[in-house]
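K.L.:
This is the structure alone, sequence omitted:
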């Protein structure tokens, strides 16, 4: 670890935001333009869609292409922004929306924007307009193999359940899109994302506290009752509510009853007198995704020298009441401390042991108490043994038709569900069989690459990227959202792409055969 270097310089050298520094250009000067473009990209989508879906689709595609072509260094930050804040704009403008189906369609625009930015960047890479060094080519080659394998299983699943297969395809490929978008951008250009990410983290923390302390005010200014009313209508029509009420015995009276939740969703804490809490959902209107986002920004803010702001974020994790997000914070913080005391190599091996022990203990305890995440994991493992080559995307999982007919009492007695649910890795094994190891191995490999950078430099941002991805993969054993929510794995992989890409660019710029004009503006890390 390097103790004498300033936190900002550490962040620069760590690959986030930049491996180079031009004295004539302040990274904070890009903050306002990036924020304005990000808001314009997604803020008016509901109005455009109500006016004309064809118009809104055309505009969003053109805007995404224009961002990559005109201001490519803004693209990774804009992708993160739209994933966090699209639903806030949708909620505010929800009185303009007429039906739940329209709401669901509009909520998919963030995926469209991110996908088009990725596709444009990938096309420019193929055309030779992005960094094509040996390191980049090797990473991209394995990424393409991963996409090809996932696409094959999408085709198999689509003929059985097209809608479910499409949703799972989106969930699986979006984190990879974010990684490649960040990697190619940072490997080619001087990306200075830290000021934007610090500002974004501060905004998210503020939103969380406002929602927690002034719930009625938050619901009023965001038109939350209208937004969540569409969700209630859809749940009532589909029979989801009736199934949940029959299974749990809970009958919600108002919206706040729906937000009421057992602390950390585990019976292990019942004897401590911890009652139900009102979870916060954040501007993205999803408590689990928001919790992962807060965990990420708490760690990121600390890594770039904002410890006070990072500490302010931590209480929100308790209110979100998401075990997986808390686990990420604990493991990454422990890895940072262990690296300083024992070194990166010993820490990595101890980390592997700790993750394995934790997984075994969680599975054992989960089977004893009948935890439905563990039961779903067991269902996925049993399904994998039955069909080791898989069934296709969308076959099984929380989106399957059989999910709400599961007899949890029978599943607890049997120690497994009939099929995979509530476990991302269980669902992947059930749907893709042994091919599920391809995307999992790819994510693990890029995490190891980021960790190796951390082992050499000691910069905390690189350690967050490396070990953070590993812990999220562990959480995938017990949670579908860990791997399938873009603000969990996707956010970590986006940072990993920035870290690795910036390191590759630094090596390219400092190489003996580098462009003399680039070398004139490159200052080696000190």
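P.N.:
Thanks, I have the structure now. Quantities reported herein were computed from a predicted structural model and do not represent experimental measurements.
K.L.:
which residues touch residue 63?
P.N.:
Applying Cβ atoms under 8 Å, 6 or more residues apart in numbering to residue 63 gives the contacts 40-41, 113. Just so you know, the C-beta spots here come from the backbone N, C-alpha and C atoms, and that holds for glycine as well.
K.L.:
Quick check: it vs residue 39, distance?
P.N.:
12 Å (Cβ to Cβ, to the nearest Å).
K.L.:
Pull out the buried residues from the contacts of residue 63.
P.N.:
By neighbour count, with 16 or more other Cβ atoms under 10 Å, these hold 41, 113 as buried.
K.L.:
now the contacts of residue 63 as TSV including distance to residue 204, pLDDT and secondary structure?
P.N.:
Below are these laid out as TSV (distance: Cβ to Cβ, whole Å; pLDDT from 0 to 100; DSSP: H, G, I helix; E, B strand; the rest coil):
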residue	distance to residue 204	pLDDT	secondary structure
40	20	94	helix
41	18	94	helix
113	19	97	helix
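K.L.:
Adding distance to residue 394, write the contacts of residue 63 out as TSV.
P.N.:
Output for the contacts of residue 63, formatted as TSV (distance: Cβ to Cβ, whole Å):
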residue	distance to residue 394
40	34
41	29
113	24
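K.L.:
Tell me the one of the contacts of residue 63 nearest residue 306?
P.N.:
Using Cβ to Cβ, residue 41 comes nearest to residue 306 of those, at 26.1 Å.
K.L.:
is it true that that closest one touches residue 64?
P.N.:
Yes. If you go by Cβ atoms under 8 Å, residue 41 and residue 64 touch, sitting 7.5 Å apart.
K.L.:
Strands along the stretch 201-350 of the chain, start to end?
P.N.:
260-261, 277-278 (DSSP state E, counting those that start in this stretch).
K.L.:
What strands line up against the last one, and which way round?
P.N.:
Looking back up the chat, that one is strand 277-278. strand 260-261 (antiparallel) (DSSP bridges).
K.L.:
Mean confidence (pLDDT) on the partner strand, please.
P.N.:
Strand 260-261 comes out with an average pLDDT of 64.
K.L.:
next one: stretch 192-208
P.N.:
Computed over stretch 192-208, the average pLDDT equals 94.
K.L.:
who touches it?
P.N.:
Contacts of stretch 192-208 (Cβ under 8 Å, 6+ apart): 8, 11-12, 16-18, 27-28, 30-31, 34-35, 73, 76-77, 80-81, 84, 280, 282-283, 290, 293-294, 297-298, 300-301, 304, 306, 309, 312-313, 316, 319-320, 498.
K.L.:
which among those residues end up buried?
P.N.:
The neighbour count (16+ other Cβ under 10 Å) marks 11-12, 16-18, 27, 30-31, 34-35, 73, 76-77, 80-81, 84, 280, 282-283, 290, 293-294, 297-298, 300-301, 304, 306, 309, 312-313, 316, 319-320, 498 as buried among the contacts of stretch 192-208.
K.L.:
before we move on, the earlier item: just name the closest of the contacts of residue 63 to residue 377, please.
P.N.:
Lowest distance from residue 377 to the contacts of residue 63 (Cβ to Cβ) belongs to residue 113, with 33.0 Å.
K.L.:
Name the nearest residue to that closest one, sequence neighbours excluded.
P.N.:
Excluding the flanking residues, the one nearest residue 113 by Cβ to Cβ, 6 or more residues apart in numbering is residue 64, at 4.8 Å.
K.L.:
Could you do residue 429 as well?
P.N.:
residue 384 (4.0 Å).
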